[in-house]
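Visitor: got a structure for you, letters missing:
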């Protein structure tokens with residue numbers, strides 16, 4: 001991409017930012033969220049445009065990172081803006097002392113104010129702190145689940161542009177069986193960051209397992225099938241499990257499951273926690289294509305369920321649901337420290 005085309009893209013991004021600022025000024029909850037989505041999209045387009053430039057100068061890289069960071073600060077996402085800020089600081093360190101500060105300083109006050117507000121909310125959220133020490137988002141007791149939901153909701157009210165917060169609100173709402181709230185929170189996480197496969201993968205898995213979600217997810221599943229080559233690994237895996245679960249031996253659904261398994265195999269990272277689930281999905285597909293119906297005992301025999309885990313599973317449990325539950329427990333957004 002040449003510099004002229006890059007500047008044209010920047011102009012298009014500017015139009016999105018103007019619309020987003022107008023929505024933020026109007027101030028309703030829905031308008032604030034729509035503005036956050038636009039600003040996140042602007043940050044991604046800025047990042048992608050920079051990546052296509054041939055050997056951009058340090059000044060161009062720094063200007064782009066500053067713009068991305070500004071979009072994410074205005075888009076009320078302190079977590080993602082911190083990543084861009086750290087990248088900016090790394091670039092500034094490569095330049096002679098004092099150079100590059102002119103691009104960083106106008107943003108500094110807004111950036112640090114948002115970080116301080118985020119930290120202050122954390123300091124007054126004891127249940128979140130406790131669960132973080134336990135490395136578990138969802139507490140066991142209902143009373144603690146309700147308490148942590150209130151704490152996460154406070155974060156979301158202040159920072160509706162953080163998709164990780166929305167995902168956390170989804171997980172807690174799901175535990176409390178607040179089905180509509182859980183689906184809305186998960187959908188908002190996916191709108192803010194459609195590149196994070198964990199969100200769509202979770203939507204697909206839940207749409208198959210939770211009857212309340214099936215109607216809401218019908219279009220989502222159809223659009224995912226159409227764009228299967230572009231979908232990340234975890235989305236392909238969950239779609240394969242969902243199609244196997246819904247197939248009732250319909251040849252077309254089994255073919256879709258096979259396509260999804262093949263797509264997942266082509267994209268599977270070597271270190272993924274989901275590789276065992278992928279192997280289980282491949283086994284289930286082969287059995288179903290052969291006209292057989294594997295049981296939990298078959299999954300244990302093939303090494304897809306550990307013997308200690310089997311002790312807590314009913315012999316007549318749905319093996320596909322067990323695979324999906326294991327996969328879901330390993331699916332989550334990538335979160336920076």
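Guide: Great, that's in hand. Predicted model, so just to flag it, every value in this text is computed and none were measured. Residues are numbered from 1 along each chain as shown.

Visitor: Find the least confident helix or strand in this protein, judged by mean pLDDT.
Guide: helix 307-310 (a mean of 54; mean pLDDT, DSSP states H and E).

Visitor: And the next helix or strand past that one?
Guide: helix 319-330 (DSSP states H and E).

Visitor: residues making contact with that next one?
Guide: 202, 205, 208-209, 234, 237-238, 241-242, 244-245, 273-274, 276-277, 280-281, 284, 294-296, 298-299, 304-305, 313 (C-beta atoms under 8 Å, 6 or more residues apart in numbering). Heads up, the C-betas are built off the backbone N, CA and C, glycines and all.

Visitor: quick one: buried residues of that helix?
Guide: By neighbour count on 16 or more other C-beta atoms under 10 Å, the buried set for helix 319-330 is 319-320, 322-324, 326-328.

Visitor: Same check on stretch 115-124?
Guide: Per 16+ other C-beta under 10 Å, stretch 115-124 contains these buried residues: 115, 118, 121.

Visitor: circling back: which ones among the contacts of helix 319-330 map onto helices?
Guide: 202, 205, 208-209, 234, 237-238, 241-242, 244-245, 276-277, 280-281, 284, 296, 298-299 (DSSP state H).

Visitor: returning to what we had before: out of the buried residues of helix 319-330, flag the one nearest to residue 257.
Guide: residue 320 (10.3 Å; C-beta to C-beta).

Visitor: That closest one and residue 195: what is the separation?
Guide: Distance from residue 320 to residue 195, counting by C-beta to C-beta, to the nearest Å: 28 Å.

Visitor: cool, and residue 27?
Guide: 28 Å.

Visitor: ok, now residue 313?
Guide: 35 Å.

Visitor: what about these two, which has more around it?
Guide: Applying other C-beta atoms under 10 Å to residue 313 and residue 195 shows that residue 313 carries more neighbours, namely 15 against 9.

Visitor: Check whether residue 95 sits in a helix, strand or coil.
Guide: Using DSSP: H, G, I helix; E, B strand; the rest coil, the structure places residue 95 in coil.

Visitor: tell me the contacts of it?
Guide: Residue 95 touches residue 58, counting by C-beta under 8 Å, 6+ apart.

Visitor: residues touching residue 297, list them.
Guide: So residue 297 contacts residue 315 (C-beta under 8 Å, 6+ apart).

Visitor: So which bits of whichever helix or strand residue 252 is part of are buried?
Guide: Per DSSP H and E, residue 252 falls inside helix 251-267. By neighbour count with 16+ other C-beta under 10 Å, helix 251-267 contains the buried residues 253-254, 256-261, 263-265, 267.

Visitor: Can you give the distance of that helix from its chain's centre?
Guide: Centre-to-centre, helix 251-267 and its host chain are 22 Å apart (C-alpha atoms, centre = their mean, to the nearest Å).

Visitor: Give me the helices and strands touching it, please.
Guide: When contacts are defined as 3 or more C-beta pairs under 8 Å, 6 or more residues apart in numbering; DSSP states H and E, helix 251-267 sits against helix 233-246, helix 275-289.
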